[in-house]
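Fold the following, please.
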Amino acid sequence: MEKGAASISFVSPAPRKRVQSMKEYHPPLGCRDLLRLDFNENTFACSPKVREVLAGISAGALTRYPEREPVEAAVAGHLGLAAEQVALTNGVDEAIHVLFEAFLEAGDELLLPVPTYTMYEVYASATDARVAAVQAGDDLLFPFERLLAAVTAKTKIIAIANPNSPSGSVATREQLLKISRIAPHAVVLVDEAYFHFHGETVVDLIGKVPNLVVARTFSKAYGLAGLRIGVLAGSLEMMRWVRRVLSPYSVNSVALACLRPALEDATYLEWYVGEVLAARGEFEAALGAVKMRFWPSRANFILVDIGARHAEFVEQMRAAGVLVRDRSNDPGCDGRVRITIGTREQMRAAVEAVSKVAQDLKLGVHAK
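Numbering: from 1, shown residues only. Model (predicted):
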């Protein structure tokens, strides 16, 4: 402190009550320079066309504020929608956040089948709404009938990851339509983050089903997780409210520059998705061969029942050079570990590691 300067005492202001009640999420990141089968990212690379664009971005281009509208129009065309029905976001997380900020308030309920994506509950806790959770059974299938029975007059948003994480299970188109009809007073969010590995969508129903909103991410099949870009699509009326909450500059210019070439490179996308689907089948067969229980998945990951030694399994897999994700803290998932599916070559290396660790820990066929 400079001589003669007055002493200033600072008292941190108390946060709002709803901020005090917010849930915290700390992703288990750190050194990830191994085979990344822990976060459901693209495990290989982005499109070569994206890399070409990245190499050509000038220093001067980074001095300008990003302009999302032209790219939103391109994405809308790709989805078969009008530009006004689409908003690009800073990853699908921002899409969820702004939707909840726009439509949830005190006395409302977020209806959530669990286990599911953690951030739904985190963002809901930033509002004054209540989370009404509907637990899936041990089969982890979509709890359709129980969800319908849980709809009340207070239900304001129903969030459904389709396919779901960490289970890989899906809701059918007919089920989603019935939920939308049963709850016309609620926003029905269908989060299609893993659409490319499932192949079924309800994005064609945008504007036809007025309370339907669809979210997509470009972090998975497209390999743009580091650029943080997602999309939210809904009716014109719905998106007008969303845009009131959405920051005009939240999507950076590098992400915007890379998105178009990523969408245009259908050859790369088809190759990568094909690799994952083939590898998923091979990996499921390998798990079956060593008699390890798993849940059939329509996404780019598989949930495996490890049991009481789940923490040891994760650590030994890391020691073997493979990162996997312990989901034991998720509702109904004690002892279960999620393993991302990469390319066939990557997953053959993963099979070797799983087989060795399972033998060391006496799991599956090795159990006495």
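
going forward, measure contacts between C-alpha atoms and count neighbours the same way
Will do.

At which residues are the strands of the protein located?
Secondary structure of the chain (DSSP state E): strands located at 35-36, 86-89, 109-114, 130-135, 155-161, 187-191, 212-217, 230-233, 294-295, 301-305, 322-323, 325-326, 336-340.

To Lys362, which of those strands lies closest?
The closest of these to Lys362 is strand 301-305. By C-alpha to C-alpha, the value is 13.3 Å.

Would you reformat the strands of the chain as CSV and include mean neighbour count?
Converted to CSV, the strands of the chain look like this (neighbours: other C-alpha atoms under 10 Å):
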stretch, mean neighbour count
strand 35-36, 22
strand 86-89, 27
strand 109-114, 24
strand 130-135, 18
strand 155-161, 24
strand 187-191, 24
strand 212-217, 25
strand 230-233, 26
strand 294-295, 19
strand 301-305, 24
strand 322-323, 24
strand 325-326, 22
strand 336-340, 25
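
Any chance of TSV for these, columns distance to Val273 and mean pLDDT?
Converted to TSV, the strands of the chain look like this (distance: least, C-alpha to C-alpha, whole Å; pLDDT from 0 to 100):
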stretch	distance to Val273	mean pLDDT
strand 35-36	17	96
strand 86-89	23	98
strand 109-114	27	98
strand 130-135	30	98
strand 155-161	19	98
strand 187-191	19	98
strand 212-217	15	98
strand 230-233	18	98
strand 294-295	20	98
strand 301-305	12	98
strand 322-323	21	97
strand 325-326	21	98
strand 336-340	13	98
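
Mind putting the ones you listed into JSON lines with distance to Ala45?
Below are the strands of the chain laid out as JSON lines (distance: least, C-alpha to C-alpha, whole Å):
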{"stretch": "strand 35-36", "distance to Ala45": "12"}
{"stretch": "strand 86-89", "distance to Ala45": "22"}
{"stretch": "strand 109-114", "distance to Ala45": "31"}
{"stretch": "strand 130-135", "distance to Ala45": "36"}
{"stretch": "strand 155-161", "distance to Ala45": "25"}
{"stretch": "strand 187-191", "distance to Ala45": "23"}
{"stretch": "strand 212-217", "distance to Ala45": "16"}
{"stretch": "strand 230-233", "distance to Ala45": "18"}
{"stretch": "strand 294-295", "distance to Ala45": "27"}
{"stretch": "strand 301-305", "distance to Ala45": "17"}
{"stretch": "strand 322-323", "distance to Ala45": "17"}
{"stretch": "strand 325-326", "distance to Ala45": "21"}
{"stretch": "strand 336-340", "distance to Ala45": "15"}
